[in-house]
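*Asks:* quick one: sequence plus predicted model below, questions after.
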Amino acid sequence: HRDLHSFPTRRSSDLQNKIRGELQADASVRLRDGIANGAANFSGTQIAAQQLLVRQVSGQAAIAQNKIFLNDFTAMMNERDFVNAHAVVAMEKPFRYTGSATVNLADLSVFEPLLSTPEKKTLAGSLTMNWSGDGDARNFKNKGDFILKLERGRYADLQNLQAKVEAHYTPNELNVPQIFLGSDRLDFQASLAARGSTLEVSNFQIDEGAAKYASGYASLPFVWSNVGTAQSAFPPNGKVTVNFESANLDVGKLFQDLGAQPPVSGQLNVKLSAQGPIDQLEGNLALQLQSVRASTLTQLEPATIDLGLRLTNNQLTLAGKIQQSKIQPVQIAGNLPLDLSKILADKKLDEKTPLNLSVQMPRSSVNFVRQFVPALR
């Protein structure tokens, strides 16, 4: 039984980064003929770290015939904010387990002291999370259910933050019927399902009120039951279908909606399509940025950027153009071999892959550079 505050410190400023409070624990384990039996208990009160206070933490576990029974683990910030878990875990392969965990945080502001930011940022909202499952940890043969819900959230300038995630999984199937993230500015939603040899992403949408930022659909060859095994989760002859489109997206406003400082401003149009088996995938990506301005270079005239990527016969080609009133158009071109089925099998890109890339700007007036270096003639 030790008062954590009594550990020696040199400066009061150091004390703010230390854990303070009272903690006591006892354990007894006996190992005979490779069989473990025993018990462990711990409890603590008024545990403080960087102004975050955990009023009570406790745990009780028993070990019987090489099985760990976590009968209880509880951490309570107050009557409404707590974390609780139970589990049974076998100490021998394949590490069979069953367990559940509950997180109930009625007031996220209790975690404000943990935000390591130079300026003080407000954190608020309520969060609940529930998980239960069982399976073999070693063989990745698991089943379980997961539900997360965030309501009335607030962080910095982001208001009315919401999140809803529901997931169910078995050794043969993953089903995520709802993924929703939202704020007072932006909403994102999607559904995901992996069954058989297909991973499908549907109902993909990014909206701002009545305005649709982007939408898409994807069907990819993916064997969920092979995850965690020696077999590849990406069958090379599986069929791919991808469609994604975003029109007239205000880049600067999108960064602001996400609570970040926009590095550039302008209008973005994106169109992505891909189809065919992985080993012979055909795909196109068209990206256009109009009226592009850099936030740190306000004196720079707006530019237009067009980029196109095409994948065919395991060859990726790039073609692009940058146009700005003060210079001649800049041409970009490149290509490299890209065998996606081999990359997925090897889990890396061959370092000896040949790359050809060129960027060319015809003779242009040096006055363009004078916008940044006035002394240059």
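*Replies:* Now that the structure is in, tell me what you want to look at.
*Asks:* just list the residues touching residue 207, thanks.
*Replies:* For residue 207, the residues meeting the contact criterion (Cβ atoms under 8 Å, 6 or more residues apart in numbering) are 186, 187, 213. Just so you know, the C-beta spots here come from the backbone N, C-alpha and C atoms, and that holds for glycine as well.
*Asks:* residue 247 versus the second one, what's the distance?
*Replies:* Pointing back at residue 187 there. The spacing between residue 187 and residue 247, counted by Cβ to Cβ, to the nearest Å, is 17 Å.
*Asks:* with the first one instead?
*Replies:* Shown here: residue 186 relative to residue 247, a distance of 16 Å by Cβ to Cβ.
*Asks:* more neighbours: which of the two?
*Replies:* When residue 186 is set against residue 247 and neighbours are counted by other Cβ atoms under 10 Å, the residue ahead is residue 186, at 19 against 14.
*Asks:* the more buried one: what's it in contact with?
*Replies:* 206, 207, 208, 213, 254, 257, 258.
*Asks:* which other residues reach whichever strand or helix holds the fifth one?
*Replies:* Using DSSP states H and E, residue 254 sits in helix 251-257. Residues from elsewhere that reach helix 251-257 (Cβ under 8 Å, 6+ apart): 183, 185-186, 208, 213, 261-268, 289, 295.
*Asks:* now do stretch 279-286
*Replies:* Contact with stretch 279-286 is made by 236-237, 240, 242, 269-276, 307-314, 339-341, as judged by Cβ under 8 Å, 6+ apart.
*Asks:* so of these, which ones are in helices?
*Replies:* Of the positions in those, 340, 341 sit in helices, assigned by DSSP state H.
*Asks:* so how do I select the buried members of the contacts of stretch 279-286 in ChimeraX?
*Replies:* Once 16 or more other Cβ atoms under 10 Å is used to decide burial, the buried members of those can be selected in ChimeraX as follows:
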select :236,240,242,270,272,274,307,308,309,311,339,340,341
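*Asks:* the helices in this protein, which residues?
*Replies:* Using DSSP H, the helices assigned to the chain run over residues 12-15, 251-257, 340-346, 367-370.
*Asks:* now for this structure, the helix or strand with the poorest mean pLDDT.
*Replies:* Using mean pLDDT, DSSP states H and E, the weakest-scoring helix or strand in the chain turns out to be helix 12-15, at a mean of 48.
*Asks:* burial of the nearest residue to residue 152 once chain neighbours are set aside, as a residue count?
*Replies:* Distances taken as Cβ to Cβ, 6 or more residues apart in numbering put residue 125 closest to residue 152, at 5.1 Å, once the chain neighbours are dropped. Around residue 125 sit 19 other residues, with neighbours defined as other Cβ under 10 Å.
*Asks:* please apply the same query to residue 356.
*Replies:* Counted with other Cβ under 10 Å, the burial measure for residue 356 works out to 10 neighbours.
*Asks:* show me what contacts the closest residue to it other than its chain neighbours?
*Replies:* By the measure of Cβ to Cβ, 6+ apart, the closest residue to residue 356 outside its immediate chain neighbours is residue 335, 5.4 Å from it. Residue 335 makes contact with 315, 316, 317, 318, 356, according to Cβ under 8 Å, 6+ apart.
*Asks:* which residues sit against stretch 363-377?
*Replies:* The contact list for stretch 363-377 (Cβ under 8 Å, 6+ apart) reads 297, 299, 300, 324, 326, 327, 328.
*Asks:* distance of the fourth one from residue 303?
*Replies:* Meaning residue 324. Residue 324 is 4 Å from residue 303, by Cβ to Cβ.
*Asks:* next: the fifth one.
*Replies:* For residue 326, the distance to residue 303 equals 9 Å [Cβ to Cβ].
*Asks:* neighbour count: these two, which is higher?
*Replies:* Relative neighbour count places residue 303 above the other of residue 326 and residue 303, with 20 against 14, counting by other Cβ under 10 Å.
*Asks:* tell me what the more buried one is bridged to.
*Replies:* With DSSP bridges applied, residue 303 shows beta-bridge pairing to residue 292, residue 324.
*Asks:* quick one: residue 256 from residue 302, how far?
*Replies:* According to Cβ to Cβ, residue 256 stands 19 Å off from residue 302.
*Asks:* oh sorry, the question was meant for residue 365
*Replies:* 18 Å.
*Asks:* the more surrounded of these two?
*Replies:* When neighbours are counted by other Cβ under 10 Å, residue 302 comes out ahead of the other of residue 365 and residue 302, with 15 against 10.
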